[in-house]
Structures are given as structure tokens and as C-alpha cells.
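1. pasted the sequence and its predicted model underneath.
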Amino acid sequence: MKSSSDRILTTHTGSLPRSKALSALLVKREQHKTYDAGALQAEIERTSTSSSSVSKSVAATSATTEKRRESDFQRTRPNA
């Protein structure tokens, strides 16, 4: 598994999790169906400001990176 301390790693599609409401509005827009543009904008803002998924991903990545650094340090440290 790849890790990075400089950026957030994403899935192969490069997509972060979306709410069902946001997904439904985006599908309607892509299919040129009638949708509420105000609702779409509001959902985008709500989703981006409630970055709990992103925060959890960043925290998990940071914790994993820190554990690996500590493990690498322990392996390379001469026995005293």
C-alpha cells in the first residue's frame, strides 16, 4: 500500500466519498435532467465543509505514516 505524508491518497478514481443526495444531483446534471441548481450548490458546500471523511482519512494516513517512521527508526538505530 502506498503512503504519503505530503498529500492525501485517493482511490484509483481520485474521488472522495459523496453523500447520496450529492450523487443523485450530480447524476441528474450529467444526464441533462432537471435538477435544482441551488440544492446542488448547497449540497456541495455542506459536503465540503463537513469534511469528516477527509479528516478521518488524513488522521489515519498521518497515524500510519508516524508508525512507519518510528518502526524504520527502530530498525536503523544501532543497539546500545
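-> Alright, I've got the coordinates.
2. how close does Glu43 sit to Glu70?
-> Noted for Glu43: a distance of 40 Å to Glu70, by C-beta to C-beta, to the nearest Å. C-beta here means a position set from N, CA and C on the backbone, and glycine is covered the same way.
3. so between these two, which is more surrounded?
-> Neighbours per residue, other C-beta atoms under 10 Å: of Glu43 and Glu70, the larger number sits with Glu43, 19 against 10.
4. what about the closest residue to Ser19 other than its chain neighbours, helix or strand, and which?
-> Excluding the flanking residues, the one nearest Ser19 by C-beta to C-beta, 6 or more residues apart in numbering is Thr47, at 5.7 Å. Element membership of Thr47, judged by DSSP states H and E, is helix 37-49.
5. for that helix, which positions count as buried?
-> Along helix 37-49, these residues count as buried under the neighbour rule (16 or more other C-beta atoms under 10 Å): 40, 43, 47.
6. list the contacts of the last one.
-> Meaning Thr47. When the contact criterion is C-beta atoms under 8 Å, 6 or more residues apart in numbering, the partners of Thr47 are 18-19, 22.
7. same thing with the first one?
-> Residues in contact with Leu40, defined by C-beta under 8 Å, 6+ apart, are 22, 25-26, 29.
8. while we're on it, how confident is the model there?
-> Reported pLDDT at Leu40 in the predicted model: 90.
9. how about the host helix or strand of Val27 as PDB, C-alpha atoms only?
-> When secondary structure is defined by DSSP H and E, Val27 falls within helix 20-30. As requested, the backbone C-alpha atoms of helix 20-30 are provided in PDB (Å, rounded to 0.1, in the frame of the first residue of the first chain):
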ATOM      1  CA  LYS A  20     -26.400  10.100  -1.600                       C
ATOM      2  CA  ALA A  21     -28.000  13.400  -2.100                       C
ATOM      3  CA  LEU A  22     -25.000  14.900  -3.800                       C
ATOM      4  CA  SER A  23     -24.500  11.800  -6.000                       C
ATOM      5  CA  ALA A  24     -28.200  11.900  -7.100                       C
ATOM      6  CA  LEU A  25     -27.900  15.600  -8.100                       C
ATOM      7  CA  LEU A  26     -24.700  15.100 -10.000                       C
ATOM      8  CA  VAL A  27     -26.200  12.200 -11.900                       C
ATOM      9  CA  LYS A  28     -29.200  14.300 -12.900                       C
ATOM     10  CA  ARG A  29     -26.900  17.100 -14.000                       C
ATOM     11  CA  GLU A  30     -24.700  14.700 -16.100                       C
END
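10. no further questions, thank you.
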